[in-house]
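Asks: Sequence and computational prediction follow.
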Amino acid sequence: MTDYIVRATAADSQIRAFAATTREMAETARAAHGTSPVATAALGRLMTAGAMMGSMMKGDSDILTLQIKAQGPLKGITVTADSHGNVKGYVGNPNVVIPANSKGKLDVAGAVGPGFLNVIKDLGLKEPYSGQTMLKTGEIAEDLTYYFAASEQVPSAVGLGVLMNKENTVRQAGGFIIQLMPFASEEIISGLEKKLAQVTSVTSMLDAGDTPEQILAKLLGDFGLEITDTMPTRFFCNCSKERVARAVVSIGKKELQEMISDGEPIEVNCHFCNRNYTFSVEELKELLARSR
């Protein structure tokens, strides 16, 4: 289990916490989409958050979607996750290249730009839950911290990071989410704030060899940390030729007939994993017959 999520509580359940290592997930996404370093960092951060937020859901078929719709050259990010640690995602412009920020780091905020974060939870009810907040910094972790406070009224601290190798593969990726429960005492709140103020970056801790358990121990060890669960997480797309075929059928008989009349095979791309599916003219005729 190279990529995994740890769930924990502390301070007699006044704090709940999640931490994850997601290097393989971020690298799989980078390889699938051919993302530039800054696009890899942005997508890796949001997928890591998606993995942890997905693990907060209870139902087997619950689906979380995180969407960043923004005006920067990255042209937005979309991530979906389920409650079993399966995550997939893509960026609008995988080839974005911009100068480093003032600290000499990948300028994720500059690539993302101003915009909005949408959080959609499909919990099997009539209507999915949907929350939207304005991006505060575009750095993603701070934007999610703001989302939790504004939309879900849960005071939270979110840390996310992706560290790249010189050859532009992913060296480290991971993150944490620490949340205060409504009954948390003032003493616990102020103690946690002091502890979080001392935190170095997530990637520096991972690069020093810290596991998600050790990251939580550094942050919450003084508060009676209890690890409750660990679960694997991975980049996984559930697309298939049959699913894509259903999408092709849904465009309508007229459009299908026009494709057949063109006499050329068509290629359909899955945004999430960048896989291409080819349908021959004969296959298109079968789909048309099926749609009648």
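Replies: Ah, there it is.
Asks: going forward, measure contacts between C-alpha atoms and count neighbours the same way
Replies: Fine.
Asks: What average pLDDT does the helix or strand hosting residue 214 get?
Replies: If you go by DSSP states H and E, residue 214 is part of helix 212-220. Taken as a whole, helix 212-220 carries a mean pLDDT of 96.
Asks: Torsion angles phi and psi at residue 131?
Replies: phi -130, psi 140 (degrees, to the nearest 10).
Asks: Wait, it touches residue 151, no?
Replies: Yes - the criterion here is Cα atoms under 8 Å, and residue 131 meets it with residue 151 at 6.1 Å.
Asks: Those two: which is more packed in?
Replies: residue 131 (16 against 13; other Cα atoms under 10 Å).
Asks: for the more buried one, which residues make a bridge with it?
Replies: Using DSSP bridges, the bridge partners assigned to residue 131 are residue 119.
Asks: distance of it from residue 44?
Replies: Applying Cα to Cα, to the nearest Å, the value for residue 131 to residue 44 is 22 Å.
Asks: And residue 55, by the same measure?
Replies: In terms of Cα to Cα, residue 55 sits 17 Å off from residue 44.
Asks: and what of residue 265?
Replies: 34 Å.
Asks: The two - which one has more neighbours?
Replies: For residue 265 and residue 44, the more surrounded residue by other Cα under 10 Å is residue 44, and the numbers stand at 32 against 14.
Asks: Check which helices and strands whatever helix or strand the more buried one lives in sits against.
Replies: For residue 44, the host element (DSSP H and E) is helix 37-54. Judged by 3 or more Cα pairs under 8 Å, 6 or more residues apart in numbering; DSSP states H and E, helix 37-54 is in contact with strand 15-21, helix 23-33, strand 63-70, strand 77-82, strand 86-91, helix 108-112, strand 156-164, strand 170-180.
Asks: Same list, these, but as TSV with mean neighbour count and mean pLDDT please.
Replies: TSV is the format used below for the helices and strands packed on helix 37-54 (neighbours: other Cα atoms under 10 Å; pLDDT from 0 to 100):
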stretch	mean neighbour count	mean pLDDT
strand 15-21	27	98
helix 23-33	22	98
strand 63-70	22	98
strand 77-82	25	98
strand 86-91	26	98
helix 108-112	23	97
strand 156-164	23	96
strand 170-180	24	97
